[in-house]
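Enquirer: From the sequence below, what's the structure:
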Amino acid sequence: MDWEAHIERWSRTAVRLLDIRHYRAEHGTVPAHYVSHTNFFLIITHGEARVSISGEVYQTRSSYILHGGADAELSIVPLGQDFACYLILYTAECASLVDRESFQVTYGFAPYAVLPVQEKCEAMNRLWQEPASIDKLQAQSVFLPLVYEVMRQQIKTSAKKESGRPNIVTEAIHYIHDHYSEPITAEELAKRYHCSASYLSRLFKNQIGLGPIEYLIHMRVHKSKQYLLRSEARIQEIASNVGYADVYYFSRLFKKHTGLSPLQFRAEHHQKIQVQYNPLRGLESSIVTLNSGSHNENETYYQRIREGDTSMFRFSRPAFGAMMLLCSSLLLSACQTSSTPGAAASQPASSDTTTAVTTDSAATETRMYKHLKGETEIPVNPQRVVSFYHLGELMALGVKPVGTTTYILDNPHISDKTGITDVGVPPDAEKILSLQPDLIVTTPTFAELTEGGYEALSKIAPTIVIEQNNEPIKDIEMFGDILGKQEEAKQWNEKFTAKIAEYKAKISPYVRADETFSILNVRPDALFVYGDTNMGGNIIYKYLGLKPAAKVESDVIHGETWEISTEVIPEFIGDRLFLAVNEGAEDKLKDVQKLIDASPAGKAGHVYSINFDQFLPSDPIAVEKQLDIITDLIVGDGK
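Expert: Alright, predicted model coming up:
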């Protein structure tokens, strides 16, 4: 089935909710046989059943979504008393026979995130049972968002069969963007994607440098800025619409992240607007975002206790930023992007084809570069690069970007950050525009953070979306190609490869072939074991070729374990242990110290302390310095 065409027909067809029915096997209400005279969705939320739609049989297990057309024969045979489902009847006024046939198609699939669908079904059912017409009207208003969620998950599920599981972080970001005004906790967010809060936090940290609640706070501050600048709404109203019932708490939080109170921020903006339109002054950016403060435990507590209610009134998603970008793109004609539809399945090699593009100032060579969003015309030797994630890769090749995101800019291994602008999280499109980049480099997740996504970014400058490999040799080679620094990349990789060989020989006299290694991270409320991707794991296991503890190899490197409980610590600690203790985790360390001391590493005195912040990045510059630290610890211990 052509899902894009089907969704396009939904967008142009008048549809109306006719009825919604909730069936439970335990109540004996499930229809064994039913002929639907209208189109319908059957959404199974609990249990198992054998479902037949006009002779086509589906063996379903919760959760499952089915669709059938008018006059279809539906039969449901529950396989247990815990079965429950919603039957949603609707009508579609189609303009053509082709459209009408599209709505008659029978299909079914298992959604990867059931809660967004189930919540909408519950809301529709509750409203539909109310006697007031206004409630039924509101139920109608929930129907299309339900259809949107069904279609979105169908597309993602189809893509999943080809490219694996959808990116949980991207999905969670979409949810935060849509529900930032509502109470959200990390636990509830993780539950939506069938994972633990700690696992979701790890994915967020690895991909954007912020935890999910930290990102939610940044998103709320970002939205409140827009409301302050684009409306005359009262502060109380703005606070409520970004999820804070306590206006005083909101004001303190806003000042913490911007350096100004909401009223000061609005007043300063109005003053800049007046200056901006003064013919005696040059054009200045109308939005200035100060460095944001760090997330703290008080903010986490605020989210955990779900303080604050949600206003029924919500501002619509502002189109001002997109309009500004579109208009501004006319002024940046030298930086236009040419992209082909469709995303590549993997990161392919770029094309060597170059062309000459003449601007008013100089002739700039460009070429077509193939990336995850298609093909884009980029400069052969870009000069003003904005990179949302790969700061270390650029700096290793001698290229200082004009802008990057907050967390990436905090990299402790990069000392010279002068001239690099913090574009924020989520990235501020207007601030990026003010930097006049000739190339924007982003990962898929960071592209989703920006309002308007990839399309909005590509209106500012040529934008490419690349993989987040966290593999220095692979990343340096990729960026050598992107930046026209192929020779520099080759030299860096040769030097790094030689350094690895030198350090392997250096530690060899001090490490037995059968010795095993582990990496343990102690946090105030959790314990984590790292595999072969970061926190020194790539260096220890991949580059130096040292042996992981058996449980680390099976459950972490080749499994999905990350967080562990105190009692299983001995199973994950090998003959040598690299220990990272986070700030504030002293009490937690005391709880587990006896287990560490009793482990093979503890008994032999082979426990090495490493700094969490220094070992979290995995860019080329960070990895080189981590390699030095790890080697010195092993050699120093041996001496």
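Enquirer: make it CA atoms for all contacts and neighbour counts henceforth
Expert: Noted.
Enquirer: State the mean pLDDT of stretch 5-25.
Expert: Mean pLDDT, computed over stretch 5-25, is 92.
Enquirer: typo on my end, it should be stretch 417-434
Expert: Mean pLDDT, taken over the full extent of stretch 417-434, equals 88.
Enquirer: Repeat that for stretch 599-611.
Expert: pLDDT averaged over stretch 599-611 gives 92.
Enquirer: cool, stretch 406-414 as well?
Expert: Throughout stretch 406-414, pLDDT has a mean value of 86.
Enquirer: just stretch 571-578 next, same as before
Expert: Averaged over stretch 571-578, pLDDT sits at 92.
Enquirer: same thing with stretch 254-274?
Expert: The average of the pLDDT scores along stretch 254-274 is 81.
Enquirer: Show me the strands in the stretch 451-600 of the chain, by range?
Expert: 463-465, 516-523, 526-529, 547-548, 563-564, 576-581 (DSSP state E, counting those that start in this stretch).
Enquirer: tell me the most buried of the ones you listed?
Expert: When the strands of the stretch 451-600 of the chain are scored by mean count of other C-alpha atoms under 10 Å, the highest mean neighbour count falls to strand 463-465 (a mean of 28).
Enquirer: Determine the set of other helices and strands touching that one.
Expert: The contact analysis (3 or more C-alpha pairs under 8 Å, 6 or more residues apart in numbering; DSSP states H and E) places strand 463-465 against strand 374-379, strand 439-442.
Enquirer: for those, which one sits closest to residue 222?
Expert: Counting by C-alpha to C-alpha, residue 222 lies closest to strand 439-442 out of the helices and strands packed on strand 463-465; the figure is 19.6 Å.
Enquirer: Neighbouring strands of that closest one in the sheet, and parallel or not?
Expert: Applying DSSP bridges to the sheet, strand 439-442 is found paired with strand 385-387 (parallel), strand 463-465 (parallel).
Enquirer: just checking, what packs against whichever helix or strand comes after that strand?
Expert: Later in the chain than strand 439-442, the nearest helix or strand by DSSP states H and E is helix 444-449. Here helix 444-449 touches helix 168-179, helix 197-208, helix 453-460, going by 3+ C-alpha pairs under 8 Å, 6+ apart.
Enquirer: which one of the ones you listed lies closest to residue 620?
Expert: Ranking these by proximity to residue 620 (C-alpha to C-alpha) places helix 197-208 first, at 15.5 Å.
Enquirer: Next, the angle from the closest one to helix 168-179.
Expert: 90 degrees (axes from the mean of the first three to the mean of the last three C-alpha atoms, to 10 degrees).
Enquirer: what's helix 197-208 packed up against?
Expert: Against helix 197-208 (3+ C-alpha pairs under 8 Å, 6+ apart) you get helix 168-179, helix 186-192, helix 212-230, helix 444-449.
Enquirer: Now do the longest one: which elements does it pack against?
Expert: Spelled out, that is helix 212-230. Against helix 212-230 (3+ C-alpha pairs under 8 Å, 6+ apart) you get helix 197-208, helix 235-241, helix 262-276.
Enquirer: rewinding a little: would you reformat the strands paired with strand 439-442 as JSON lines and include mean pLDDT?
Expert: Shown next, in JSON lines, are these (pLDDT from 0 to 100):
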{"stretch": "strand 385-387", "mean pLDDT": "93"}
{"stretch": "strand 463-465", "mean pLDDT": "92"}
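Enquirer: any chance of those in a markdown table, plus distance to residue 6?
Expert: Conversion of the strands paired with strand 439-442 to a markdown table gives the following (distance: least, C-alpha to C-alpha, whole Å):
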| stretch | distance to residue 6 |
| --- | --- |
| strand 385-387 | 36 |
| strand 463-465 | 28 |
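Enquirer: looking at these, which is closest to residue 587?
Expert: strand 385-387 (38.8 Å).
Enquirer: Outside of the closest one itself, list whatever touches it.
Expert: Under the contact criterion C-alpha atoms under 8 Å, 6 or more residues apart in numbering, strand 385-387 has outside partners 400-405, 432, 437-442.
Enquirer: What is the nearest of the residues you listed to residue 22?
Expert: Using C-alpha to C-alpha, these come closest to residue 22 at residue 442, 44.4 Å.
Enquirer: Might one say that that closest one is in contact with residue 403?
Expert: No. Between residue 442 and residue 403 there is no contact under C-alpha atoms under 8 Å: 11.7 Å.
Enquirer: Just flag the most distant two among the contacts of strand 385-387.
Expert: Farthest apart among these by C-alpha to C-alpha are 405 and 438. That separation is 17.1 Å.
Enquirer: neighbour-wise, which of those two wins?
Expert: residue 405 (25 against 21; other C-alpha atoms under 10 Å).
Enquirer: Contact partners for that one?
Expert: By C-alpha under 8 Å, 6+ apart, the neighbours of residue 405 are 387, 388, 389, 422, 423, 424, 425, 427.
Enquirer: please redo it, this time with the cut-off set to 6 Å
Expert: Residue 405 makes contacts with 388, 422, 423, 424, as judged by C-alpha atoms under 6 Å, 6 or more residues apart in numbering.
Enquirer: swap in residue 404?
Expert: Residue 404 is in contact with 386, 387, 388, 422, 423, counting by C-alpha under 6 Å, 6+ apart.
Enquirer: Mind doing that once more with 10 Å?
Expert: Taking C-alpha atoms under 10 Å, 6 or more residues apart in numbering as the criterion, residue 404 is in contact with 385-391, 420-425, 427, 432, 440-442.
Enquirer: partner residues bridging it?
Expert: As assigned using DSSP bridges, the partners bridged with residue 404 are residue 422.
Enquirer: how close does it get to residue 385?
Expert: Distance of residue 404 to residue 385, computed by C-alpha to C-alpha, to the nearest Å: 9 Å.
Enquirer: Same question for residue 537.
Expert: To residue 385, residue 537 is 30 Å away according to C-alpha to C-alpha.
Enquirer: Let me know the pLDDT of residue 443.
Expert: Reported pLDDT for residue 443: 88.
Enquirer: Residue 442 and residue 403 - which one has more neighbours?
Expert: Counted by other C-alpha under 10 Å, residue 442 and residue 403 do not tie: residue 403 has more neighbours, with 25 against 22.
Enquirer: Roughly how far does the more buried one sit from residue 218?
Expert: Using C-alpha to C-alpha, residue 403 is found at 18 Å from residue 218.
Enquirer: Just give me the neighbour total for residue 174.
Expert: Neighbour count of residue 174, defined by other C-alpha under 10 Å: 14.
Enquirer: Chain neighbours aside, what residue packs nearest to it?
Expert: Spatial nearest neighbour of residue 174, excluding adjacent residues (C-alpha to C-alpha, 6 or more residues apart in numbering): residue 448 at 7.8 Å.
Enquirer: and that neighbour, what pLDDT?
Expert: Residue 448 is assigned 78 on the pLDDT scale.
Enquirer: and what of residue 80?
Expert: 86.
Enquirer: That one in helix, strand or coil?
Expert: coil (DSSP: H, G, I helix; E, B strand; the rest coil).
Enquirer: wait, it sits on residue 30?
Expert: No. Counting by C-alpha atoms under 10 Å, residue 30 is not a contact partner of residue 80; they are 11.8 Å apart.
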